[in-house]
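Here is the input, now give the coordinates:
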Amino acid sequence: MSHPPAAPGAGMVADLEGPFTRVAKLAEAAGLPEVSLGTSYGTPALLVKGKSFARMKDAETLVVMCALEEKDMLLELDPALFFQTDHYKGWPAMLVRLQAIDDASLTQRLIAAWREKAPRKLSAGFPG
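Numbers count the residues shown, from 1 in each chain. Okay, the predicted model is just below:
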């Protein structure tokens, strides 16, 4: 039996599944409402009401949505965990080094990113 050829970038997505599983499990454990799994820019992503709030950039890096003021503070406070490339300068998103961040800190980033993209009424009803 022959298999259809893999879609372009399919190998990259497969490489991201392991690290993304951790991210998805933490979001689920946090009890974030209305979260679904999807893709953004061709990589695995977490969405709230269809809007991406976290996505894999590569096997070591997660992109999370973040208020610009908070982003600037976090980039300065902990550059071992949080960084940006020129592409993300001026945008409400930052990069997270997945191998360096512990589960509790990553969960807090996921909750903050979810709040950035969740509808106001849904966010207001979430106690976390």
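
where do the strands sit along the chain?
Using DSSP state E, the strands of the chain run over 35-40, 43-48, 51-58, 61-65, 82-83, 93-97.

which one of these has the most crowded surroundings?
Stretch with highest mean neighbour count among the strands of the chain: strand 61-65 (a mean of 24; mean count of other CB atoms under 10 Å). To be clear about C-beta, it is placed using only N, CA and C from the backbone, and glycine gets the same treatment.

before we move on, back to that, now distance to Ala29 and mean pLDDT too, for the strands of the chain, in a markdown table please.
A markdown table is the format used below for the strands of the chain (distance: least, CB to CB, whole Å; pLDDT from 0 to 100):
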| stretch | distance to Ala29 | mean pLDDT |
| --- | --- | --- |
| strand 35-40 | 11 | 95 |
| strand 43-48 | 13 | 96 |
| strand 51-58 | 14 | 97 |
| strand 61-65 | 16 | 98 |
| strand 82-83 | 21 | 97 |
| strand 93-97 | 17 | 97 |
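
what's the closest of those strands to Ser123?
strand 43-48 (8.8 Å; CB to CB).

C-alpha coordinates for the longest helix seen in the chain, PDB please?
Scanning the chain for the longest helix, with DSSP state H as the assignment, gives helix 10-29. Provided in PDB are the C-alpha atoms of helix 10-29 (Å, rounded to 0.1, in the frame of the first residue of the first chain):
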ATOM      1  CA  ALA A  10       5.100  17.900   7.600                       C
ATOM      2  CA  GLY A  11       8.400  16.700   9.000                       C
ATOM      3  CA  MET A  12       8.800  20.000  10.900                       C
ATOM      4  CA  VAL A  13       5.300  19.800  12.400                       C
ATOM      5  CA  ALA A  14       6.000  16.200  13.500                       C
ATOM      6  CA  ASP A  15       9.200  17.400  15.200                       C
ATOM      7  CA  LEU A  16       7.200  20.000  17.100                       C
ATOM      8  CA  GLU A  17       4.600  17.600  18.500                       C
ATOM      9  CA  GLY A  18       6.600  16.500  21.500                       C
ATOM     10  CA  PRO A  19       7.300  20.000  22.900                       C
ATOM     11  CA  PHE A  20       3.800  21.100  22.000                       C
ATOM     12  CA  THR A  21       2.300  18.200  24.000                       C
ATOM     13  CA  ARG A  22       3.800  19.700  27.100                       C
ATOM     14  CA  VAL A  23       2.300  23.100  26.300                       C
ATOM     15  CA  ALA A  24      -1.100  21.700  25.500                       C
ATOM     16  CA  LYS A  25      -1.200  19.700  28.700                       C
ATOM     17  CA  LEU A  26      -0.200  22.700  30.900                       C
ATOM     18  CA  ALA A  27      -3.000  24.800  29.200                       C
ATOM     19  CA  GLU A  28      -5.500  22.000  29.900                       C
ATOM     20  CA  ALA A  29      -4.300  21.600  33.500                       C
END
